[in-house]
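Here is the input, now give the coordinates:
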Amino acid sequence: MTSKRGSVQLRRIEDKTSRQVRFSKRRSGLFKKAFELATLCDAEVALLVFSPAGKLYEYSSSSSIEETYTRYKQFTLVEKDANNKNANEGTHDIQNNCEDTSNSNILNEISDRCTNRNIDQMDDIELDKLRDILVEALRQTETRKVSLMERAVGMN
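Numbers count the residues shown, from 1 in each chain. This is a model prediction of the structure:
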């Protein structure tokens, strides 16, 4: 069975108007798919698209793209650090290494934000970001404490 639609050749569209129309339609479809993925699968999705003219289009399934990007940065740093430690020291308890690195990254970010700016000078957006980081640091600290307590009880 053949499709009514022909396959699209992947090459640059020379006609500027046709290119803009195709960009607009494809962008809409991409954002629709991102929304569907987030809704149907409960995935955290962030999408940035710059048009040929330089205009930014963005979508985030969470409260902000910055929040997802911060999570991405923490994840990549944790992964990189875990890979380096494994290569240099052999196998360790990866979960502990990841927790320690993640906590260090969050604490460093809190320190940077508070050192570089006085809290009295922060606007509401910066204060919201700082609060989110502090809440995450507290969550990770509580998780780590529970983990340590569970290990201590398991050893007795």
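
Downstream of the worst-scoring helix or strand of the chain on mean pLDDT, the next helix or strand is which one?
None of the helices or strands of the chain scores lower by mean pLDDT, DSSP states H and E than helix 94-116, at a mean of 62. Going down the chain from helix 94-116, the next helix or strand is helix 124-155, by DSSP states H and E.

That following helix - contacts with which helices or strands?
helix 65-89, helix 94-116 (3 or more Cβ pairs under 8 Å, 6 or more residues apart in numbering; DSSP states H and E). Heads up, the C-betas are built off the backbone N, CA and C, glycines and all.

what do you get if the cut-off is 6 Å, keeping everything else the same?
Applying 3 or more Cβ pairs under 6 Å, 6 or more residues apart in numbering; DSSP states H and E, we find helix 124-155 packed against helix 94-116.

Can you classify the residue lying closest to I13 once chain neighbours are set aside by secondary structure?
Spatially, and ignoring its direct neighbours in sequence, I13 is nearest to R19 (4.1 Å; Cβ to Cβ, 6 or more residues apart in numbering). On the three-state scheme (DSSP: H, G, I helix; E, B strand; the rest coil), R19 is labelled helix.
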